[in-house]
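> Could you look at this predicted model? Sequence included:
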Amino acid sequence: MNKQFDASLHASPSRSQISPAPCVGLHCSGADGSQWRTLFARMSDETKTIAPDLIGTLSRGHKIPDRPFTLEHEAASIITEIEKLGRPAHLIGHSYGGALALHIARARPDLVRSLCLYEPTLFSLLKAGNAADGSLYSEIISLTNAIRTGIEEGCQEFSAQVFTDFWGGLGSWQALSRERRCAMIDWVHKAPSDFDALLNEPDPENIFHEGIPSTIMLGSETHAHTKRIAEILASQGKLAELKVLKGAGHLGPFTFKESFEMEVLSHIRTVEHRCNRRKPRLG
């Protein structure tokens, strides 16, 4: 475990009065909270961390929403968990989890210390964009329809493969272990709901609260869809910084894990330093 990260947050004489803000990890579609295990292991024991499993994961019974699904529905339990922490938290999100973090930041900015997001898939931003953005938006609708049709026709494995190969590249499905394929087949029923929520998030413009420092990351070898979303988000946020993970695709937090985690730790360390520097010292 790397303890260097939080040690730098307590270098001042007021160490006893300052503790790092908690961190909340929001995983991508098809994964679960364990995605953040190694990242959180790099933080000190003084940092509170939570990595909730989102709706549709095994721990929640693979339950599928029986109503039109939105990010508001997904966010409800997460907001409750953050409120229990008693102070604003750093939200770390990947893909669907990144879009969820943005929703929470707009709905409850009082709960958010900062945002550190890797390719948040807020596809509704493309719908509100230019003609080229509209074409990218339409491609995601086609992808969603293909996955949904496969499920409706009883071809869950086909739908899971379409989803996996789209995000990971052709051959990604074949590269998965048998255990992981089975897990994706069990989960894929939730995929259309995730896409519906991302495609139809209302009022996507100006989603940043100007007081929330944010880092938006993307891979240099990623999809045009997520690259464009990252660019739009970076242009909207007054305190947003855009970073590129060289050589990575959409699954960079898995395939370039160490580089990604170092960027996240750097983001949090920088935000904590700035926030603590602004606090008046007592005594």
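Yep, it's here. Numbers count the residues shown, from 1 in each chain.
> Look at the spatially closest residue to F208 that is not a sequence neighbour and say how many residues are nearby.
Of all residues not flanking F208 in the chain, G237 sits nearest, at 4.0 Å (CB to CB, 6 or more residues apart in numbering). From N, CA and C alone the C-beta is placed, and that goes for glycine too. G237: 21 surrounding residues under other CB atoms under 10 Å.
> which intervals of the stretch 101-250 of the chain have sub-threshold pLDDT?
206, 209-210 (pLDDT under 70).
> As a check, name the ranges of all strands in it.
112-118, 214-219, 240-245 (DSSP state E, counting those that start in this stretch).
> got CSV for these, with mean neighbour count too?
Below are the strands of the stretch 101-250 of the chain laid out as CSV (neighbours: other CB atoms under 10 Å):
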stretch, mean neighbour count
strand 112-118, 26
strand 214-219, 25
strand 240-245, 17
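> mind checking which of those strands is nearest L126?
Closest to L126 of the strands of the stretch 101-250 of the chain is strand 214-219 (CB to CB; 14.6 Å).
> And stretch 163-183, end to end?
13 Å (CA to CA, to the nearest Å).
> Contacts made by that stretch with the rest, please.
Contacts to stretch 163-183, defined as CB atoms under 8 Å, 6 or more residues apart in numbering, come from residues 29-30, 58, 95, 143, 147, 157, 160-161, 184, 188, 191, 223, 249-251.
> Drop anything exposed from those residues.
29-30, 95, 143, 147, 160-161, 184, 188, 191, 223, 249-251 (16 or more other CB atoms under 10 Å).
> Which of the residues you listed fall in helices?
Mapping the buried ones among the contacts of stretch 163-183 onto helices (DSSP state H) picks out L143, I147, A160, Q161, M184, A191.
> would you turn those into CSV with distance to L117?
Below are these laid out as CSV (distance: CB to CB, whole Å):
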residue, distance to L117
L143, 21
I147, 24
A160, 25
Q161, 27
M184, 23
A191, 20
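> So of the residues you listed, which two are at opposite extremes in space?
L143 and M184 (15.4 Å).
> show me where the protein has helices.
Going by DSSP H, the chain shows helices at 4-7, 37-41, 71-85, 96-107, 124-127, 131-152, 156-168, 172-175, 178-187, 191-199, 224-236, 252-255, 257-278.
> Need the winner for burial among those.
For the helices of the chain, average neighbour numbers computed from mean count of other CB atoms under 10 Å are highest in helix 96-107, which has a mean of 26.
> So which elements touch that one?
Helix 96-107 is packed against strand 23-26, helix 71-85, strand 89-94, strand 112-118, helix 191-199, with contacts defined by 3 or more CB pairs under 8 Å, 6 or more residues apart in numbering; DSSP states H and E.
> So for H103, which of these sits nearest?
helix 71-85 (4.1 Å).
> Only alpha carbons, please: show the closest one as PDB.
Written as PDB, here are the backbone C-alpha positions of helix 71-85 (Å, rounded to 0.1, in the frame of the first residue of the first chain):
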ATOM      1  CA  LEU A  71     -29.500   8.800 -13.700                       C
ATOM      2  CA  GLU A  72     -31.700  10.300 -11.000                       C
ATOM      3  CA  HIS A  73     -32.900   6.800 -10.100                       C
ATOM      4  CA  GLU A  74     -29.300   5.500 -10.000                       C
ATOM      5  CA  ALA A  75     -28.000   8.500  -8.000                       C
ATOM      6  CA  ALA A  76     -30.600   8.300  -5.200                       C
ATOM      7  CA  SER A  77     -28.800   5.700  -3.100                       C
ATOM      8  CA  ILE A  78     -25.400   7.100  -3.900                       C
ATOM      9  CA  ILE A  79     -26.400  10.600  -2.600                       C
ATOM     10  CA  THR A  80     -27.700   9.000   0.600                       C
ATOM     11  CA  GLU A  81     -24.300   7.300   1.100                       C
ATOM     12  CA  ILE A  82     -22.400  10.500   0.500                       C
ATOM     13  CA  GLU A  83     -24.600  12.400   3.000                       C
ATOM     14  CA  LYS A  84     -23.700   9.800   5.600                       C
ATOM     15  CA  LEU A  85     -20.000  10.800   5.100                       C
END
